[in-house]
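Peer 1: Here is a sequence with its predicted model. Questions after.
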Amino acid sequence: MMACASLASSLPWVFLCSPRPRASIPRPPHPVLRCSSAASDFSHHTGKLENLIAHVQNPSSNVSIDHLESQVPMTGGAYDFKGATTSLTNEILSSPKKVTLVRHGLSSWNNENRVQGSSNLSILTDIGVGQAEKCRDALTDISFDICFSSPISRAKSTAELIWHGRDKPLVFLDSLKEAHLFFLEGMTNADAKMKYPELYTTWREDPANFNVDGIYPVRKLWGTAREAWKEILSAPGESFLVITHKSILRALICTALGLGPERQDSLSCFHERMFRATDVNNGGISVFTFNRRGEAILQSLNMMAHMYSNHIYHY
C-alpha cells in the first residue's frame, strides 16, 4: 500500500490502487433514427442489394452485372479497386486475374557487369540455376494456369527450371523480350561509360530520352509492356506466372500502375524516376491482381525471402 500511495502522489491521475465498484450510470434509451436522409440512404442501398440478390437468384434477369458493379459497393471481391488505375485491356475480362512476375536468375553477363539488353549470348550461371530452383520450391503451393516467358536464353532457362514438373502450358512471348540497347550490348558498364559517356549517362539517368538514331528503347518498352499485358490477361485461366528481364519488368510494373516513361512535367518526372527506383533482383517475385476491367493492384514487389530460407509462399 505504501508503494501504491507513493505512485498515487507522483501520478495525479491515479486515484486508487485497488478497484472499487463504479457508480451506476443511467444509459440513454436506444437512439431513434430521425434523419430522413439517412433512412433514405439505407433504403437506397437496400434496394440495390435486393437487385443484386435478384440477379444472383435469376441470372437470366435483365439487370447487367456491370450496372450492379457500378451501383453496389463490394468489399473483398474483384471490384474493390475500381478506377484505381487505367485498364490494361480496355475490355471486360472473363474473370479476375492474379499474375506472378519473376526476374530470371543470375546470368553470365550479370556476373560480368555487362550491358545485356536483348542479346541472347548471356546464359544462366550455376548461381542462377540455384536461384531458379529456389523460386520453383517457393512457388510449389501456388497453382498456375499458364507460364509466360521471354524466349531469350537466360529467361527461357529460368522458366523451364521453375516450370519443371507442371503439366500446364509454357508459352514464350516476344513481347516479354528485354529492351534492345544496340551497340552497348555486351560491353561492360565501365567500358560503355568510358567509350560513350553521354549516351551511357542518358541511359542511366534519363532513360526515357536515351536514343540511338532516333529510336527510344525505353519508350518502346512501354508499348511492348502494354502488349504483353494484353496477351497475358486475355489468356484463359485466373493465375499466371511470368518470367522475364529487369527493364521489361520495370515497364510491366509501371504500366500496370499507370505510370508513364516520359519526363514532360513534374508528375511524369516522378513516373520516370519510378523506372529506375523500382528494383527487381535476380529471382525476385512480384504479384499483381487485376479486376475484370483489367485494372491492377500491386500485391507485393520483389519478394526475396525464398533466397535466404526455405520459405514457401501462400497467396
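Peer 2: Structure received. Residues are numbered from 1 along each chain as shown.

Peer 1: Now do the helices in the stretch 151-300 of the chain.
Peer 2: With helices called from DSSP state H, counting those that start in this stretch, the stretch 151-300 of the chain shows them at 153-163, 189-195, 197-205, 217-233, 246-256, 266-277.

Peer 1: The fifth one relative to helix 217-233, how many degrees between them?
Peer 2: Taking axes from the mean of the first three to the mean of the last three C-alpha atoms, to 10 degrees, one finds that helix 246-256 is oriented at 70 degrees with respect to helix 217-233.

Peer 1: Kindly state the pLDDT recorded for R204?
Peer 2: Listed pLDDT for R204 reads 89.

Peer 1: so what's it up against?
Peer 2: R276 (C-beta atoms under 8 Å, 6 or more residues apart in numbering). (Each C-beta comes from the backbone N, C-alpha and C, glycine too.)

Peer 1: so V115 sits right up against A192, yeah?
Peer 2: Yes - with contact defined as C-beta atoms under 8 Å, V115 reaches A192; the gap is 5.7 Å.

Peer 1: L181 and L252, how far apart?
Peer 2: Remark: distance between L181 and L252 (C-beta to C-beta, to the nearest Å) = 18 Å.

Peer 1: between these two, who's got more neighbours?
Peer 2: The residue with more neighbours, out of L181 and L252, is L252; 29 against 22, by other C-beta atoms under 10 Å.

Peer 1: quick one on the thing from earlier: what do V115 and A192 both touch?
Peer 2: L184.

Peer 1: can you tell which of the helices of the stretch 151-300 of the chain is closest to S108?
Peer 2: Closest to S108 of the helices of the stretch 151-300 of the chain is helix 153-163 (C-beta to C-beta; 8.2 Å).

Peer 1: And the strands in the chain?
Peer 2: Along the chain, the segments classed as strands by DSSP state E run 97-103, 146-149, 170-172, 239-244, 285-290, 296-303.

Peer 1: Just put the helices of the stretch 151-300 of the chain in JSON lines and tack on distance to N302.
Peer 2: Converted to JSON lines, the helices of the stretch 151-300 of the chain look like this (distance: least, C-beta to C-beta, whole Å):
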{"stretch": "helix 153-163", "distance to N302": "16"}
{"stretch": "helix 189-195", "distance to N302": "21"}
{"stretch": "helix 197-205", "distance to N302": "20"}
{"stretch": "helix 217-233", "distance to N302": "17"}
{"stretch": "helix 246-256", "distance to N302": "9"}
{"stretch": "helix 266-277", "distance to N302": "12"}
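
Peer 1: nearest to R293, of these?
Peer 2: helix 217-233 (10.5 Å).

Peer 1: Need the residues that contact the closest one.
Peer 2: Counting by C-beta under 8 Å, 6+ apart, 88-89, 93, 97, 99, 117, 148, 173, 175-177, 179-182, 207-208, 210-211, 240, 242, 247-248, 251-252, 254-256, 260-262, 275, 290, 294 sit against helix 217-233.

Peer 1: Out of those residues, which end up buried?
Peer 2: 88-89, 93, 97, 99, 117, 148, 173, 175-177, 179, 181, 207-208, 210-211, 240, 242, 247-248, 251-252, 254-256, 260-261, 275, 290, 294 (16 or more other C-beta atoms under 10 Å).

Peer 1: Need the distance between the two termini of stretch 207-221.
Peer 2: End-to-end distance of stretch 207-221 (C-alpha to C-alpha, to the nearest Å): 11 Å.
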